[in-house]
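>>> Provide a 3D model corresponding to the input given below.
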Amino acid sequence: MKKFYSILTILFLLPVTFLLAQEEQEAQSEFSLSGSVDAYFRSNLNAPNKGDAAQSPATSFGNLPGFSLGMANIIATYEGEKVGFVADLVFGPRGEDAVFGSPLYAGGMAGSSQIINQLYMYYNVSDAVTFTLGNFNTYLGYEVISPTGNFNYSTSYMFSYGPFSHTGLKADFQLSDNWSLMASVMNPTDMTELNFYGSYTLGGQLAYTTDAGGTYLNLLYGDQDGKLEMNTLSSFGPNSMGNTFQIDLTTGYDVTESLFLGLNTTYNTTAAGQMYNGSAIQDATGDGYGFYGVAGYLQIATSDKFSLGARGEYFKVFNDGLEDVVGVDSDGDGRVLAGTLSGNIKITDNFTIIPEVRADMMSSNFFINNDFQSTKNLASFLVAGVFSF
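The predicted model follows:
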């Protein structure tokens, strides 16, 4: 009889144990870890590679000489039915470049904030409305910070000088199966820890997506360094920028199973702002400054293991905008044409080798060649390894 009761008890507990284990497994499946690790070798073909004379395009990431580190990226994600969060941490030179606006709270010194690439929470109010609060990567542009999200390893000028990240509150609205709308209020661009200037930036996006790709119209408007006040001049200095306006169009579609075409075009301008003339604060004179550009992306998969991709970019700065990035003339205007050809070699599903050649051609002398003479052109080569998990 005792054996009979024991068998009954086991038979009763088995489904209960199974259900509890299943619930635990489902709860655990809501939390996940992902990320990537990357490193590369880079060398100029017509310019110095060592010391203070080492040359590179003035774009973000992939610009260090010789064997160089990219970043380690660890992303913790919790996806609940209504709420969730993302904690995205970065380590290494690429990560440090991406979060350059983070260590403000520590006075520019190293602190835990400078490893935070993204840190946000979201609330699904309904199937059509989601609110997000925290620090999230920018919605503008074609390229992203993580090398796993880009075909080319080096990045474009438009990506490098558009925003990287925002901190604020955004609302996403799913208008239909294909159309969506995003509206946001944020700190000044790339000011991720706190709002040091007391001004805010508005953002918006209208998107149309299909199974083959999508088109995104992006907007950004706001004062990026606040308004001058007499009692804060010692902290903020005698000059202040005006409002920044940026409009950006990004689109990309799979034309066939093996052919992808993408396009990114952007226009960014900042008004003259304010200045302190020694006795009072007044509006600064002069035109606004900024940049605009267009880039095309072509990617062809020749097999499951190899793809070839090209990026061609035209980038123009005006009124001394980004004069340290592009060589400018006496009017403060400058242009660059940049062409990049990259291969993606899939060693395994999560390990990719990226050989890449790139040529940057300025309208004015900006680089130094092997003879230490000023030149408009720079040719370079790199090969990167990207591991994702």
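>>> any idea how far residue 68 is from residue 190?
Counting by C-beta to C-beta, to the nearest Å, the separation of residue 190 from residue 68 is 23 Å. (Each C-beta comes from the backbone N, C-alpha and C, glycine too.)
>>> any weak-confidence spans in the stretch 1-150 of the chain?
Scanning the stretch 1-150 of the chain for pLDDT under 70 picks out the ranges 1-29, 105-110.
>>> and the helices in it?
Counting by DSSP state H, counting those that start in this stretch, the segments of the stretch 1-150 of the chain that form helices are 2-29, 93-98.
>>> paired strands for the host helix or strand of residue 335, with orientation please.
Element membership for residue 335, per DSSP states H and E: strand 334-348. Using DSSP bridges, the strands paired with strand 334-348 in its sheet are strand 306-318 (antiparallel), strand 351-362 (antiparallel).
>>> can you put the ones you listed in a markdown table and add distance to residue 161 and mean pLDDT?
A markdown table is the format used below for the strands paired with strand 334-348 (distance: least, C-beta to C-beta, whole Å; pLDDT from 0 to 100):
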| stretch | distance to residue 161 | mean pLDDT |
| --- | --- | --- |
| strand 306-318 | 9 | 98 |
| strand 351-362 | 14 | 98 |
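>>> turn those strands into TSV, including mean neighbour count and distance to residue 255.
Output for those, formatted as TSV (neighbours: other C-beta atoms under 10 Å; distance: least, C-beta to C-beta, whole Å):
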stretch	mean neighbour count	distance to residue 255
strand 306-318	19	14
strand 351-362	19	22
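>>> and those strands: which comes nearest residue 183?
For those, the distance to residue 183 is smallest for strand 306-318, at 28.6 Å, taking C-beta to C-beta.
>>> thought residue 267 was touching residue 247?
Yes: contact between residue 267 and residue 247 holds when scored by C-beta atoms under 8 Å: they sit 5.4 Å apart.
>>> where do the helices sit along the stretch 201-350 of the chain?
According to DSSP H, counting those that start in this stretch, the helices that the stretch 201-350 of the chain contains are 233-236.
>>> all strands of it, in order?
For the stretch 201-350 of the chain, the strands defined by DSSP state E, counting those that start in this stretch occupy 201-210, 213-223, 239-240, 243-254, 259-270, 274-276, 281-283, 289-301, 306-318, 334-348.
>>> so which of those gets nearest residue 85?
Short answer: strand 201-210, nearest of these by C-beta to C-beta, at 20.7 Å.
>>> ok, residue 177 - how many residues close by?
By other C-beta atoms under 10 Å, 8 other residues sit near residue 177.
>>> roughly how far does it sit from residue 209?
9 Å.
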